[in-house]
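1. give me coordinates for this.
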Amino acid sequence: MTTDLKSIQPKLSVLLWAATATVILLFYLSARPRRVSSEISAWSNGIDVAVSTPSQHINTTHKVEYPPNEEIVSSTPAQQVNITQKIVSSTPAQQVNITQKIVSSTPAQQVNITQKIGSSTPADQQVNIKQKIVSSTPAQDVKVTKEIAPIISEPIQDLRWLLRRAAMDDKTVILTEVNEAWAAPNSLLDAFFESFRIGEGIAHLLQHVIIVAMDPKAFAQCKLVHPHCYMLRVEGVNLTSEKTFGSKDFLELVWTKVKLQQSILQLGYNFLFTDLDVMWFRNPFEIIEPSTDFMLSCDVFLGNAEDVRNYPNTGFIYMKSNKKDIKVLKYWNKARKQYPTMNEQNVFNKIKHELVAKIPVKMQFVDTKYLGGFCNYGKDLNEIRTMHSNCCVGLQAKLHDLHMILDEWKNYTALPVAEREKGGFTWRVPGGICIH
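-> The predicted structure is shown next:
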């Protein structure tokens, strides 16, 4: 009998241990149903969850492409936050619970943030979402709902990420805007690219160009031909087709440009904005004065680069990320309310004297012999940097004359260097619709 008891004693010990473990597990489940349920759900969906103590936070990683990497400045003790994030991709939608640190000047708060990220591409990249929130109000429950709908079958682009990729060493980018009509094959975008390729030593500048798409089809076309494309939504306005000069949609288009420029300066980047119908032939950065706060092309140049009486063209403008230029763009945007029926260029012409007097800011107006346009252009091809189809209404008219300009440039650059250096070469554009 003693031998039999000894033989079954280990089995009894195992059964007793299992019973004890079961009791503990059931107590744990009943005490923390929500937490355990969410962890089990996360494990079942293949999400890596690091369980934290009260003094820690949870880092949750899920695979998507090009995440929004949001950072909001903080200044006070860190707190715990529960964030429910719905990530929609080509795989089944999943729920992710994230505990993050929030900065607040008030007692600890519970913040519930629901963020929906739309994508129709396979989820194949790692994402770490970082959010810091500034608050100065009494403790309260805050619910923030942020929904980003799918643009097209491409990941949502983060402007800051795109700026980092495209910027030159001095944090300068080249910007232009495009809609579906301009991005179509054999339209303005193709002509714009061709000018860089046939220009003198400027093809490398294309790697610093960010193309801002105003509609999904333009964005899709841009992605086929260029690595740096950004989708910009304008609520309540259809910017897909060609816009008539001075129309309501045209005004929204040009003022959206100014708002975007302000955002880029505030993110710490300089920019050279160029309308898409500006053909580039030589490097325009070489003529920007180092002491200039910002530089503009002109429809009419009166002979002095600092003369505010020059007639500027805001379709080609360089600005630095500094306090003065940011103030200029804020002032410019606010001035729209004073002149609601005017485009951004006409409003700028109205306020340019105020800008110089109040901020003050140093402007450089560039001679049209360097930055030419159909309104007024230099006659010496040895000096020209760019050519703009301003003073020309209608997409087809612009394309007709710009192709003539490109052909004339090819004829000029096909000449021997020694012959070109003699000078005397000008634009010969017989049959032009806008340029004469």
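
2. please state the backbone phi and psi of Lys337?
-> phi -60, psi -30 (degrees, to the nearest 10).

3. what's around it, how many residues?
-> For Lys337, the neighbour count with other C-beta atoms under 10 Å is 8. In short, each C-beta sits where N, CA and C put it, glycine included.

4. ok, it - contacts?
-> Residues in contact with Lys337 (C-beta atoms under 8 Å, 6 or more residues apart in numbering): none are found.

5. from here on, count from 15
-> All right, first residue 15 from here; so that's Lys351.

6. would you mind measuring from it to Leu279?
-> 21 Å (C-beta to C-beta, to the nearest Å).

7. please apply the same query to Met228.
-> In terms of C-beta to C-beta, Met228 sits 20 Å off from Leu279.

8. likewise Val342?
-> 9 Å.

9. quick check on those two: which one has the bigger neighbour count.
-> Set Val342 next to Leu279 and count neighbours by other C-beta under 10 Å: Val342 wins out with 26 against 23.

10. the more buried one and Phe308 touch, don't they?
-> Yes - with contact defined as C-beta atoms under 8 Å, Val342 counts as touching Phe308 (7.0 Å).

11. how many neighbours does Ile331 have?
-> 22.

12. right, I mislabeled it, should have said Phe207
-> A count of nearby residues for Phe207, using other C-beta under 10 Å, gives 17.

13. could you measure Lys348 against Lys341, distance?
-> Shown here: Lys348 relative to Lys341, a distance of 11 Å by C-beta to C-beta.

14. the more surrounded of those two?
-> Between Lys348 and Lys341, counting by other C-beta under 10 Å, Lys341 is the more crowded of the two (15 against 10).

15. returning to what we had before: what is in contact with Val342 and Leu279 at once?
-> When C-beta under 8 Å, 6+ apart defines a contact, the residues bordering Val342 and Leu279 alike are Met333.

16. ok, and what's touching stretch 409-418?
-> 195-196, 200-202, 205, 256, 291, 293, 388, 401, 403, 406, 443, 445-449.

17. would you mark the buried spots in that stretch?
-> With burial defined by 16 or more other C-beta atoms under 10 Å, the residues of stretch 409-418 counted as buried are 409, 411-416, 418.

18. please flag which of those sit within helices.
-> Among the buried residues of stretch 409-418, the members falling in helices are 409, 411-416, 418 (criterion: DSSP state H).

19. farthest-separated two in the residues you listed?
-> Spanning the widest gap among those are Leu409 and Met418, at 15.3 Å by C-beta to C-beta.

20. which parts of the protein are helices?
-> 16-45, 47-58, 173-180, 194-197, 202-212, 230-239, 262-280, 337-349, 358-372, 409-427, 431-435.

21. looking at the ones you listed, which is closest to Pro326?
-> helix 358-372 (6.3 Å).

22. tilt between the closest one and helix 262-280?
-> Counting by axes from the mean of the first three to the mean of the last three C-alpha atoms, to 10 degrees, helix 358-372 lies at 40 degrees to helix 262-280.

23. can you list contacts of helix 358-372?
-> Defining contact as C-beta under 8 Å, 6+ apart, one finds that helix 358-372 is touched by 268-269, 271-272, 322, 325-329, 342, 345-346, 349-350, 352-353, 356, 375, 377.

24. buried residues in that helix?
-> Buried-residue list, helix 358-372, by 16+ other C-beta under 10 Å: 358-359, 361-363, 365-366, 369.

25. what's the angle between that helix and helix 337-349?
-> Helix 358-372 runs at 130 degrees relative to helix 337-349, counting by the same axes, to 10 degrees.

26. my read is that Lys383 contacts Leu395, right?
-> No - contact criterion C-beta under 8 Å: Lys383 and Leu395 do not qualify, at 10.4 Å.

27. higher neighbour count, these two?
-> Using other C-beta under 10 Å as the criterion, Lys383 and Leu395 rank with Leu395 on top: 20 against 15.

28. which residue sits closest to the more buried one, ignoring its sequence neighbours?
-> In space, and not counting its chain neighbours, Leu395 is closest to Phe439: 4.3 Å by C-beta to C-beta, 6 or more residues apart in numbering.

29. OK, contacts around that neighbour?
-> Contacts of Phe439 by C-beta under 8 Å, 6+ apart are 394-396, 426, 429.

30. who wins for neighbours among those?
-> Top of the contacts of Phe439 by neighbour count (other C-beta under 10 Å): Leu395, with 20 neighbours.

31. what's the spacing between that residue and Lys436?
-> Relative to Lys436, Leu395 is positioned 12 Å away (C-beta to C-beta).

32. same question for Lys271.
-> If you go by C-beta to C-beta, the gap between Lys271 and Lys436 works out to 41 Å.

33. okay, those two: which has more neighbours?
-> A count of neighbours by other C-beta under 10 Å puts Lys271 above the other of Lys271 and Lys436, at 21 against 10.

34. correct me, but that one touches Phe287?
-> Yes - the pair formed by Lys271 and Phe287 meets the contact definition of C-beta under 8 Å, at 7.0 Å.

35. and His367, how far from Asp321?
-> For His367 relative to Asp321 (C-beta to C-beta), the value is 11 Å.

36. point out where the stretch 165-314 of the chain drops to low pLDDT.
-> Applying pLDDT under 70 to the stretch 165-314 of the chain picks out residues 165-171, 248-264.

37. one more pass at 50, please.
-> Within the stretch 165-314 of the chain, the stretches with pLDDT under 50 are 165-171.

38. likewise the stretch 15-164 of the chain?
-> In the stretch 15-164 of the chain (pLDDT under 50), the answer is 16, 46-164.
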